[in-house]
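# okay, here's the prediction I keep looking at, along with the sequence it came from:
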Amino acid sequence: MTMYRWSGATDVGRVRDQNQDATLPNGEGEGSVAIVAVADGLGGHPGGDIASRCAIDALIDADPSLGAGELVRIAHEAIFRRIVTEMDTRRELIQMATTLTLAVLGDDGVVEIGHVGDSRAYHHDGQSLSQVTEDHTHGMDRVTAGELTLEAAKASPDWHVLSNYLGFESFRVATHRVPMREGDRLLLCTDGLSNMLSDPEIGEVLPVGSPSESADSLITAANAAGGLDNISVVVVQALP
């Protein structure tokens, strides 16, 4: 049976007045089966903080055996219900939306990822870092479609514009399975981290110290690089 230790942390950053991110958990934990997640409420949309919190709250008591795709749908339904409930008094919340990247930690050593938006999941095998998820942005969509190279897409104005998120509209879920061996680490993070640090920089910090120390160090490094957005991370380590 595979055991895991994890730690979640979030920070407002150095520029924003409000933190629209949410994490599961916000703190440390250990076990053989669990759900961990990060959510990033869409800036510029009313109620981004409500949307991310709704998504995370829906996962707190959810059944991990439902699978990553179904858990994302449960989070989406929670947001939709909140919008409908508030429609008469806060109609602007029809625009609220969030990213969601979650991981179901399995006792068989396999982690299932459910992903919507541009938050990310990374895997570190003790030697190198790999990005598990693909950003759901108009720029990356054009790369996937073969219309642009990755370099050209990163320079395009729609590189960071989300094409897929949880809210009132329809969405698509990407799922991935990641085998975890002893010592491997999984990182879930919002774009407040990945926009501030390169993959090589993340790869240097992620494996150092305990999951809690690693999470704190990642946030510190992102703030030192500018802290232009809210920063949220969950670090998971497979134990012996």
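Yes, it's here. Keep in mind that what you see is a predicted model, and the values were worked out from it rather than measured.
# by mean pLDDT, flag the weakest helix or strand of the chain.
helix 150-154 (a mean of 86; mean pLDDT, DSSP states H and E).
# which residues does the longest helix along the chain contact?
Scanning the chain for the helix with the most residues, using DSSP state H, yields helix 68-86. Helix 68-86 is contacted by residues 35, 39, 50-51, 54-59, 62, 64, 66, 93-94, 96-98, 100, 102-104, 112-116, 166-168, 171, 173, 175 when judged by C-beta atoms under 8 Å, 6 or more residues apart in numbering. Yep, even glycine has a C-beta here, placed from its N, CA and C like the rest.
# can you check stretch 42-57 too?
Contacts for stretch 42-57 (C-beta under 8 Å, 6+ apart): 18-24, 37, 39-41, 75-76, 78-79, 82, 90, 92-93, 95-100, 162, 165-167, 229.
# filter those residues down to the ones in helices?
Filtering the contacts of stretch 42-57 for helices - DSSP H - leaves A75, H76, A78, I79, R82.
# identify, from the residues you listed, the entry nearest to T144.
Nearest to T144 among the ones in helices among the contacts of stretch 42-57: H76, at 22.4 Å, using C-beta to C-beta.
# distance-wise, check that closest one relative to N164.
Distance, H76 to N164, by C-beta to C-beta, to the nearest Å: 11 Å.
# what residues of stretch 27-44 count as buried?
By neighbour count on 16 or more other C-beta atoms under 10 Å, the buried set for stretch 27-44 is G29, A34, I35, V36, A37, V38, A39, D40, G41, L42.
# what's the answer for stretch 217-234, then?
Neighbour count says stretch 217-234 has 217-219, 221-223, 227-234 buried, by 16+ other C-beta under 10 Å.
# so how far does that stretch reach from one end to the other?
12 Å (C-alpha to C-alpha, to the nearest Å).
# beta partners of G29?
W6 (DSSP bridges).
# and the residue of the chain positioned farthest from its centre, helix, strand or coil?
In the chain, the residue that sits farthest from the middle, by C-alpha atoms, centre = their mean, is D88; the gap is 31.0 Å. Applying DSSP: H, G, I helix; E, B strand; the rest coil to D88 yields a three-state assignment of coil.
# look at it and report its pLDDT.
Looking at D88, its pLDDT is 84.
# distance of it from A97?
20 Å.
# where do the strands sit along the protein?
Along the chain, the segments classed as strands by DSSP state E run 4-11, 21-24, 27-31, 34-40, 100-105, 110-116, 120-124, 129-131, 174-179, 185-189, 231-238.
# out of those, nearest to E204?
strand 129-131 (8.8 Å).
# buried ones in that closest one, by neighbour count?
L129.
# what does H160 show for phi and psi?
When read as degrees, to the nearest 10, the backbone of H160 gives phi -100, psi 0.
# quick one, what contacts it?
D118, T137, G139, D191, N195.
# so who does the last one touch?
For N195, the set of contacting residues under the criterion of C-beta under 8 Å, 6+ apart consists of H160, L228, D229.
# what sits against the second one?
Residues touching L228, when contacts are defined by C-beta under 8 Å, 6+ apart, comprise G13, R14, V15, G192, N195, M196.
# go ahead and confirm the third one touches I231.
So the one you mean is V15. No. Look at V15 against I231 with C-beta atoms under 8 Å: they stay out of range, at 10.8 Å.
# quick one: end-to-end distance for stretch 57-69.
End to end - C-alpha to C-alpha - stretch 57-69 spans 17 Å.
# and stretch 210-218, which residues are buried?
P211, S212, S214, A215, D216, S217, L218.
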